[in-house]
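*Asks:* Sequence first, predicted model second:
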Amino acid sequence: MNIELRQISKLYGETQALRKLDLIVTDSVNVLVLIGPSGGGKSTLMRLLGGLESPDSGDLFFNKQHLLQSETVLLQHRRQNGYLFQSFNLFPHLTALENVELPLIKVHGKKPAEARSLSLTALSRFQLDDHADKYPAQLSGGQQQRVAIARAIAIKPRLLLLDEPTSALDPEMTAEVLAVIESLTQSGQQIILSTHEMGFARAVADKVVFLADGKLIEEGPPSALFEQAENKQVQSFFSKVMRY
Amino acid sequence: MKKIFNWFLFLVLAVGFCFFFYVLISYDYPWQQIYPYRWNLVKGWGMTVIISVFALILSSLFGSLLLAGQLGQHRATRILSRSYVEIIRGTPLLVQILIIFYMMADAANLQNKFVIGTLILSFFSGAYLSEIFRGGIESIPKSQIESARAIGLTGTQIYRYVIIPQAIRRVMPAVTGQFANLIKDSSLLYVIGLREFTMQAREVNAATYSTFAAYIPLAVGYLILTLPLAILSHRLEKRFRYEH
Ligand SMILES: Nc1ncnc2c1ncn2[C@@H]1O[C@H](COP(=O)(O)OP(=O)(O)O)[C@@H](O)[C@H]1O
Ligand SMILES: [Mg+2]
């Protein structure tokens, strides 16, 4: 993926969620992982990269395209990406299958029959065949997240954004969803992931970015960041989260 | 303690009911007097049903319009719809009937009492329905809109495929309840001389020189309509609770 952020700032009322952030990601990076303390700005950065929101100032280029020209450009950008939130991704009034079909039909103009077969393939890929006709309320948290990933994948997104996809799950379900994400990275899917799962981050990332207080504190390949972080704040974060 | 209270409550209610029916039975109810007029009552009952059905359809349309006005972009229409809703909800139906019938209908040279009656009820009920609808739409969590934007739906599509279908499920119990209210409220239309159920009952009383003989059948006639609606409303509420 090719990303260039210049002096990006984002305010929520009084809170400065991002402060003049600069970030460059080159084509050699397939999996970008954002880590850092809660409130550091990971979700905000994801939302900007996913085209869900615009910054208050700064420039944002994705694959050399200036994203902040108009709402139309942002909508086009959103349509080519898959996006997964921590929870409540699915529409509760639609079955798992209908959830996957909806964007295929209404956004990507697929015929119902084609949408159905694409959806069933996507669900099947994550072992959800038996759950196609269930409503989200009838699924476990992990199954819900997997259906949401199936929905995001079914459109063949060029980029998949996963914002703390396992934070609301218990350990068993977390493992089940991480396995799915790992299989996606192996198949070459471009992914931006924010997570507190440090072991997983290290295993799948091509590049890791540490955000705190709305600023980019440190960045680099996982080996460098996890083993020999230069910044004190990053070191103390690791020593805290890795203690147990 | 709670158990004792429940039993006490049950006892009081049971005794109350028995007393009520005892009075009804022991009192020499003048059934023979009203029997010859039974078809008048049936006709009035039918008229009430027809008016209520028409008014429900019209008030749904009207309520949707008022909702659109309140959610819309234009300040003027927002203020106008909001004021309308507050004026209607803040004044008694009887007062509205008198004003609309004697002033406005006269000015507009509207003669048909059935049409005027239906319109008045629709204007009245539309204000309540728009509030019910608004509550339904505002009860849809923000996360749903976020998810819908993330899969690339446009603003209109978000309403059409995500918000409105969910809102409809949520407001169905309240709308059913409002329909029952509409049926009961239509009884006030006798003041403009519309020959609906209550009016017919009053005429039967007058014809038989009785003060209230036709009122028990009148109450039963309304219950036949409203009880099923009350049960339906409860069912819908329960079903909705299990779906989530
Ligand atoms: N919609 C919002 N309204 C107000 N404040 C927000 C909103 N979203 C994020 N923030 C604030 O912005 C800061 C960064 O938040 P976020 O990007 O969610 O961090 P992270 O995902 O790293 O936990 C936090 O202080 C948070 O409280
Ligand atoms: Mg977050």
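*Replies:* Yep, that arrived. Residues are numbered from 1 along each chain as shown, chains lettered A, B, ... in the order given. Ligands and ions are numbered 1, 2, ... in the order given.

*Asks:* Just name the shakiest helix or strand of chain B by mean pLDDT.
*Replies:* helix B:105-107 (a mean of 76; mean pLDDT, DSSP states H and E).

*Asks:* quick one: buried residues of it?
*Replies:* Within helix B:105-107, the residues that count as buried by 16 or more other CB atoms under 10 Å in any protein chain shown are residue B:105. C-beta here means a position set from N, CA and C on the backbone, and glycine is covered the same way.

*Asks:* helix or strand right after that helix?
*Replies:* helix B:113-138 (DSSP states H and E).

*Asks:* Kindly report the residues of chain B close to chain A.
*Replies:* Residues of chain B lying close to chain A (CB under 8 Å from any CB of the partner chain) are B:141, B:143-144, B:146-154, B:157, B:161-162, B:165-166, B:169, B:243-244.

*Asks:* Buried ones from those, can you make that a PyMOL selection?
*Replies:* Under the burial definition 16+ other CB under 10 Å, those of the residues of chain B next to chain A that qualify are selected in PyMOL by:
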select buried, chain B and resi 144+147+148+149+150+151+152+153+157+161+162+166+169
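
*Asks:* Can you spell out which helices and strands pack onto the least confident helix or strand of chain B?
*Replies:* The contact analysis (3 or more CB pairs under 8 Å, 6 or more residues apart in numbering or on different chains; DSSP states H and E) places helix B:105-107 against no helix or strand.

*Asks:* How far does that helix sit from its chain's centre?
*Replies:* How far helix B:105-107 lies from its chain's middle: 25 Å, per CA atoms, centre = their mean, to the nearest Å.

*Asks:* Kindly provide the whole-number mean pLDDT of the helix or strand harbouring residue B:179.
*Replies:* Per DSSP H and E: residue B:179 is located in helix B:164-185. The pLDDT scores in helix B:164-185 average 93.

*Asks:* What are the contacting residues of that helix?
*Replies:* The contact list for helix B:164-185 (CB atoms under 8 Å, 6 or more residues apart in numbering or on different chains) reads A:91-93, B:48-49, B:52, B:55-56, B:59-60, B:93, B:121, B:124-125, B:128-129, B:132-133, B:135-137, B:139-140, B:144, B:222, B:225-226, B:229-230, B:232-234, B:236-237, B:240, B:243.

*Asks:* Next one: residue A:170 from residue A:142, what distance?
*Replies:* Separation of residue A:170 from residue A:142 (CB to CB, to the nearest Å): 8 Å.

*Asks:* Buried subset of the contacts of helix B:164-185 as a ChimeraX selection?
*Replies:* Restricted to buried positions by 16+ other CB under 10 Å, the ChimeraX selection for the contacts of helix B:164-185 reads:
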select /A:91,92,93 /B:48,49,52,55,56,59,60,93,121,124,125,128,129,132,133,136,137,140,144,222,225,226,229,232,233,236
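
*Asks:* Chain A against ligand 1: which residues are in contact?
*Replies:* With CB under 6 Å from any ligand atom as the criterion, chain A comes near ligand 1 at residues A:12-13, A:15, A:17, A:36, A:38-44.

*Asks:* Widest-spaced pair of those residues?
*Replies:* A:13 and A:36 (21.4 Å; CB to CB).

*Asks:* neighbour-wise, which of the two wins?
*Replies:* Between residue A:13 and residue A:36, residue A:36 has the larger neighbour count (other CB atoms under 10 Å in any protein chain shown), namely 24 against 6.

*Asks:* What about residue B:61, how many residues nearby?
*Replies:* Count around residue B:61 with other CB under 10 Å applied: 13.

*Asks:* Looks to me like it is in a helix.
*Replies:* Yes - the assignment for residue B:61 (DSSP: H, G, I helix; E, B strand; the rest coil) places it in a helix.

*Asks:* Got the confidence number for it?
*Replies:* We have a pLDDT of 96 for residue B:61.

*Asks:* roughly how far apart are it and chain A?
*Replies:* 23 Å (CB to the nearest CB, to the nearest Å).

*Asks:* Show me how chain A divides into domains.
*Replies:* A:1-80+A:158-244, A:89-157 (automatic domain parsing).

*Asks:* Which of the three states applies to the closest residue to residue A:213 other than its chain neighbours?
*Replies:* Distances taken as CB to CB, 6 or more residues apart in numbering or on different chains put residue A:40 closest to residue A:213, at 6.4 Å, once the chain neighbours are dropped. Following three-state DSSP, we place residue A:40 in the coil state.

*Asks:* residues near residue A:40, how many?
*Replies:* 23.

*Asks:* Not counting its neighbours along the chain, what's nearest residue 198?
*Replies:* No chain specified, so I'll use chain A. residue A:241 is the one closest to residue A:198 (CB to CB, 6+ apart), at 5.9 Å.

*Asks:* switch to chain B, that's the one I care about
*Replies:* Nearest one to residue B:198, counting by CB to CB, 6+ apart, is residue B:187 at 4.0 Å.

*Asks:* Quick check, the residue in chain B closest to ligand 1?
*Replies:* residue B:142 (9.1 Å; CB to the nearest ligand atom).

*Asks:* Could you give the average pLDDT over the longest helix belonging to chain A?
*Replies:* If you go by DSSP state H, chain A has its longest helix at helix A:171-186. What helix A:171-186 shows for mean pLDDT is 91.

*Asks:* ok, residues contacting it?
*Replies:* A:30-31, A:126, A:140-142, A:145-146, A:149, A:153, A:160, A:162, A:165-166, A:169, A:191, A:193, A:197, A:200, A:203-204.

*Asks:* Just checking: what are the partner strands of the helix or strand that that helix is followed by?
*Replies:* Next in sequence after helix A:171-186, counting helices and strands by DSSP H and E, comes strand A:191-194. The strands beside strand A:191-194 in its sheet (DSSP bridges) come out as strand A:31-35 (parallel), strand A:159-163 (parallel).
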